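Trainee: with the sequence up front, the predicted model follows.
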2 protein chains.
Amino acid sequence: MNKLLIPVGLSNRHMHLSKEHIDILFGKDYELTNFKDLSQPGQYASNEKVDIVGPKGTLKGVRVLGPARKSTQIEISVADGFVLGVKPPVRDSGDTNDSPGCKIVGPKGEVEIADGIIAAARHIHMHTSDAEKFEVKDKDLVKVKVKGKRGLIFENVLVRVNPEYALEMHVDIDEGNAANIKSGEQVELIK
Amino acid sequence: MNKLLIPVGLSNRHMHLSKEHIDILFGKDYELTNFKDLSQPGQYASNEKVDIVGPKGTLKGVRVLGPARKSTQIEISVADGFVLGVKPPVRDSGDTNDSPGCKIVGPKGEVEIADGIIAAARHIHMHTSDAEKFEVKDKDLVKVKVKGKRGLIFENVLVRVNPEYALEMHVDIDEGNAANIKSGEQVELIK
């Protein structure tokens, strides 16, 4: 059987903002501006950055991704959590219940969120056709093998299938460094 | 069979210094002073700290471990390498050939090293009796399983057996965060 190879993408700290919070941080009816398209269709890194203020410290200039989402969500690494003084739970995107909050400071205002800070659980975006080829389905948990001196097998990797997705595995910077991989390198799905 | 459990220790950035470099950085015949014993018998975190200066930036206050070693070796994470502007190769302790160098600044002097910066390859210290129990030998490469939402299997984990060692697996901060484990937690050796 052919190997099931997937390009990896390392996610640095970033955030998604609700329309309501964009209004507060950047001004009424402000529209995020596209800095760079991301690999997932329709998603982009915006030019906009904000500061995140936690009980112990501040992360300055954290990039906002667009477009606006239903809820604000901040995705940081465990290492970033030490700087802020919060302990981000490892969660799938959208699952921010009982996660830590913080203050977000933008150029036009600031907002206090009660929750929303997570360390994103690693996951694979797949187009429907990729899922068919790989014989997996949405919400499956699979394993992914990385080769090399820091070779390892990531377990509990969430598969997310959508006709709008492009094939890519997302890990955070801690995970990328631990496996000594860079964005664009290939990893192998194993079942 | 019983599970083969091993306590884990997360190593933050640190360095080992040669006697010659201690003399330059802290003064002739200076002796490192014990801040805290480490889990490996005879090894200690010293009270002494130095700055590491790379082409792009500086890591301030990096702790020196004692006692003095034959060669100076600096163990940092891949993330630390971005701050310094160097790319530490993933290496076993002592293998610093062709690794990046830097300037080390101490209270009494400074020294330029041509090589010595590595990202330590994960490894397990074992007393001879542990190795017998686990049925492994010095320099074996084994796998280690970590449970949980960020569960993973570390491959290529070097076993180091010595009657002077205490049982402990060493990973760096990136690896600890990637697996969401803390020092003192148990991981499982699998073969």
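Mentor: Yep, it's here. Numbers count the residues shown, from 1 in each chain, chains lettered A, B, ... in the order given.
Trainee: with just CA atoms, put stretch A:97-108 into PDB.
Mentor: The C-alpha trace of stretch A:97-108 is given here as PDB (Å, rounded to 0.1, in the frame of the first residue of the first chain):
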ATOM      1  CA  ASN A  97     -15.800  26.000  28.000                       C
ATOM      2  CA  ASP A  98     -14.000  26.700  31.300                       C
ATOM      3  CA  SER A  99     -10.800  27.800  29.600                       C
ATOM      4  CA  PRO A 100      -8.900  30.800  30.900                       C
ATOM      5  CA  GLY A 101      -9.800  34.300  29.900                       C
ATOM      6  CA  CYS A 102      -7.700  37.500  29.600                       C
ATOM      7  CA  LYS A 103      -7.700  41.100  28.500                       C
ATOM      8  CA  ILE A 104      -7.300  41.800  24.800                       C
ATOM      9  CA  VAL A 105      -6.000  45.300  23.900                       C
ATOM     10  CA  GLY A 106      -6.500  46.700  20.400                       C
ATOM     11  CA  PRO A 107      -5.800  50.100  18.900                       C
ATOM     12  CA  LYS A 108      -9.300  51.400  19.500                       C
END
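Trainee: buried ones in that stretch?
Mentor: A:S99, A:P100, A:G101, A:C102, A:I104, A:G106 (16 or more other C-beta atoms under 10 Å in any protein chain shown). Every residue, glycine included, has its C-beta placed from N, CA and C.
Trainee: give the contact list for the fourth one.
Mentor: Residues in contact with A:C102, defined by C-beta atoms under 8 Å, 6 or more residues apart in numbering or on different chains, are A:I52, A:V53, A:G54, A:I74, A:L84, A:V86, A:E112, A:I113, A:G116, A:I117.
Trainee: how about the residues of chain A that lie near chain B?
Mentor: Residues of chain A that fall close to chain B, judged by C-beta under 8 Å from any C-beta of the partner chain: A:77-79, A:90, A:119, A:121-122, A:149-156, A:171-175, A:177-180.
Trainee: among these, which are in helices?
Mentor: Secondary structure from DSSP state H places A:V78, A:A79, A:I173, A:D174, A:E175, A:N177, A:A178, A:A179 of the residues of chain A next to chain B in helices.
Trainee: tell me which residues touch the nearest residue in space to the fifth one that is not next to it in sequence, please.
Mentor: Distances taken as C-beta to C-beta, 6 or more residues apart in numbering or on different chains place B:A178 nearest to A:E175, at 4.2 Å, with adjacent residues excluded. By C-beta under 8 Å, 6+ apart, B:A178 lies in contact with A:V171, A:D172, A:D174, A:E175, A:N177, A:A178, A:A179, B:R150, B:L152.
Trainee: return the distance of stretch A:111-119 from the chain's centre.
Mentor: 14 Å (C-alpha atoms, centre = their mean, to the nearest Å).
Trainee: what does stretch A:55-65 give?
Mentor: The answer for stretch A:55-65 is 15 Å, by C-alpha atoms, centre = their mean.
Trainee: do the same with stretch A:61-76
Mentor: 9 Å.
Trainee: and stretch A:133-146, by the same measure?
Mentor: For stretch A:133-146, the distance to the chain centre is 18 Å (C-alpha atoms, centre = their mean).
Trainee: give me the contacts around it.
Mentor: A:4, A:6, A:122, A:124, A:126, A:131, A:151-162, A:169, A:179-181, A:187-191.
Trainee: what subset of the residues you listed is buried?
Mentor: Buried residues within the contacts of stretch A:133-146, counting neighbours by 16+ other C-beta under 10 Å: A:4, A:6, A:122, A:124, A:126, A:131, A:151-161, A:169, A:179-181, A:187, A:189.
Trainee: and which of the contacts of B:A178 is nearest to A:Y44?
Mentor: Distance to A:Y44 across the contacts of B:A178 (C-beta to C-beta) is lowest for A:D172, with 19.3 Å.
Trainee: looks like the closest one contacts A:G9 (just checking).
Mentor: No. Between A:D172 and A:G9 there is no contact under C-beta atoms under 8 Å: 10.3 Å.
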